[in-house]
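J.: this one's structure only:
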């Protein structure tokens, strides 16, 4: 039987990674506790933990985990699952979580583009503020148009990456 590769992990180093990546997520706008929970799930082999396991891992109260997973479920980064025969919820990373996050951002870009259009109508395109909004609208439109092709290319690359990966035994 092959040796468990996670058995030799340095728990302190894993904790440092979780906190470091959580800081990066926080800097990007994710609230602190959801960022820590997400990073904790990311750092597990299973990608799935109970609220109690998350609280133990992050050394926080179960109540703080509850709010964090509620947020992560709402924004689609984590799913709530229940093991057959268990009364405990497990919180798991979504398949293709990064793809889903970026795809949702594309919807936000369309909303921002539309908001800039309204701003241009209110302020007038000949005003400095209207001109700034027109440039922002063009930028958001550009990203909104280009992102689907980028995401499609990712699916092609992911298929290449996975074709030589051994499957479960």
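T.: Yes, it's here. All values reported here derive from a predicted model rather than from experimental measurement. Residues are numbered from 1 along each chain as shown.
J.: for the residue in the chain sticking out farthest from the centre, helix, strand, or coil?
T.: Computed with Cα atoms, centre = their mean, the maximum C-alpha offset from the centroid of the chain is found at residue 126, amounting to 39.1 Å. Classification of residue 126 by DSSP: H, G, I helix; E, B strand; the rest coil places it in coil.
J.: so which bits of stretch 29-38 are buried?
T.: 30, 33-38 (16 or more other Cβ atoms under 10 Å). C-betas here are computed from N, CA, C, even on glycine.
J.: rewinding a little: for the residue farthest from the centre of the chain, what are its contacts?
T.: Contacts for residue 126 (Cβ atoms under 8 Å, 6 or more residues apart in numbering) come out as none.
J.: would you map out the domains in this protein?
T.: 5-93, 97-163 (automatic domain parsing).
J.: I'd like those written out as a markdown table, with mean pLDDT added.
T.: Listed next are the domains of the chain as a markdown table, based on pLDDT from 0 to 100:
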| stretch | mean pLDDT |
| --- | --- |
| domain 5-93 | 91 |
| domain 97-163 | 93 |
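J.: deepest of the ones you listed, which one?
T.: Among those, domain 5-93 has the highest mean neighbour count (mean count of other Cβ atoms under 10 Å), at a mean of 15.
J.: what distance separates that domain from the centre of its chain?
T.: Relative to the centre of its chain, domain 5-93 is centred 12 Å away, using Cα atoms, centre = their mean, to the nearest Å.
J.: on that earlier part again, quick one: the residue farthest from the centre of the chain and residue 90, what's the gap?
T.: 57 Å (Cβ to Cβ, to the nearest Å).
J.: and if you look at residue 58?
T.: 16 Å.
J.: so what does the helix or strand harbouring residue 98 touch, helix or strand wise?
T.: With elements taken from DSSP states H and E, the one containing residue 98 is helix 97-123. Applying 3 or more Cβ pairs under 8 Å, 6 or more residues apart in numbering; DSSP states H and E, one finds that helix 97-123 contacts helix 128-163.
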